[in-house]
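J.: How does the following fold in three dimensions:
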Amino acid sequence: MKNLFLTFASIFVLGAANICAQDATAVPTKMEEVMESHDVVMDKMPVISKLINKLQTKANASYKKSKYENAIADLKNANESMMTWMENFGKRFDADEMLKGKTLTPKKQEWLLEEEKKVSLLDEEIDLSIAQAEAVLNN
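T.: Numbering: from 1, shown residues only. Model (predicted):
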């Protein structure tokens, strides 16, 4: 009985390891890649909020407010770009397509390639606005 249990346990462990190995080698779909890019950009949103607060504090204490206000405006524009991208993306794709791997029509596959480019540019815009804000704060 003990040997039967050990055999069963070994088969279970090997089977689970095989499933994990298959998942680890699975190639992400284009939708998964775009959603991952979205997640990377979303992770930067709290940074934008913190920088806006720091810049506002500096602007309130400064006679030369314009450099702080310009950096704040850039951060707010980057944030707005993100919100607009998400809204438009949500109009093109439904939750099952985004999260459950529902097959896309050929037209939606084209749209997804467009959205991939847009989210990449959005990431660059956000990185630039963050870098500029940090430079203003450090000067």
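
J.: which residues touch the closest residue to residue 33 other than its chain neighbours?
T.: The shortest distance from residue 33 to any non-neighbouring residue, by Cβ to Cβ, 6 or more residues apart in numbering, is to residue 116 (7.0 Å). (Each C-beta comes from the backbone N, C-alpha and C, glycine too.) For residue 116, the contacting residues are 30, 33-34, 37, taking Cβ atoms under 8 Å, 6 or more residues apart in numbering as the criterion.

J.: Could you check the pLDDT of residue 139?
T.: In the predicted model, residue 139 carries a pLDDT score of 84.

J.: One more: residue 82?
T.: Residue-level confidence at residue 82 comes out at 96, pLDDT.

J.: quick one: it from residue 49, how far?
T.: 12 Å (Cβ to Cβ, to the nearest Å).

J.: cool, and residue 132?
T.: 16 Å.

J.: Compare those two and say which one has the larger neighbour count.
T.: In this comparison of residue 132 against residue 49, neighbours counted by other Cβ atoms under 10 Å, the higher total goes to residue 132 at 17 against 12.

J.: Which helix or which strand is home to the more buried one?
T.: Here residue 132 is covered by helix 106-137, with elements defined by DSSP states H and E.

J.: how about that helix: buried residues?
T.: Neighbour counts using 16 or more other Cβ atoms under 10 Å place 108, 111-112, 115, 118-119, 122-123, 125-126, 129-130, 132-133, 136 of helix 106-137 among the buried residues.

J.: swap in stretch 38-52?
T.: 38, 41, 44, 48, 51-52.

J.: Pull the distance from that stretch to the chain's centre.
T.: Mean-position distance between stretch 38-52 and its chain equals 9 Å (Cα atoms, centre = their mean, to the nearest Å).

J.: mind exporting that stretch as CSV, just the C-alpha atoms?
T.: Coordinates of the C-alpha atoms in stretch 38-52 are reproduced here as CSV (Å, rounded to 0.1, in the frame of the first residue of the first chain):
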residue,chain,number,x,y,z
HIS,A,38,-0.4,48.0,-20.6
ASP,A,39,0.5,46.5,-17.1
VAL,A,40,4.1,48.0,-17.4
VAL,A,41,2.7,51.4,-18.1
MET,A,42,0.0,51.2,-15.4
ASP,A,43,2.7,50.4,-12.9
LYS,A,44,4.1,53.9,-13.6
MET,A,45,0.9,55.7,-12.7
PRO,A,46,1.6,55.9,-9.0
VAL,A,47,5.0,57.4,-9.8
ILE,A,48,3.3,60.1,-11.9
SER,A,49,1.0,61.0,-9.0
LYS,A,50,3.9,61.2,-6.5
LEU,A,51,5.8,63.4,-8.9
ILE,A,52,2.9,65.7,-9.4
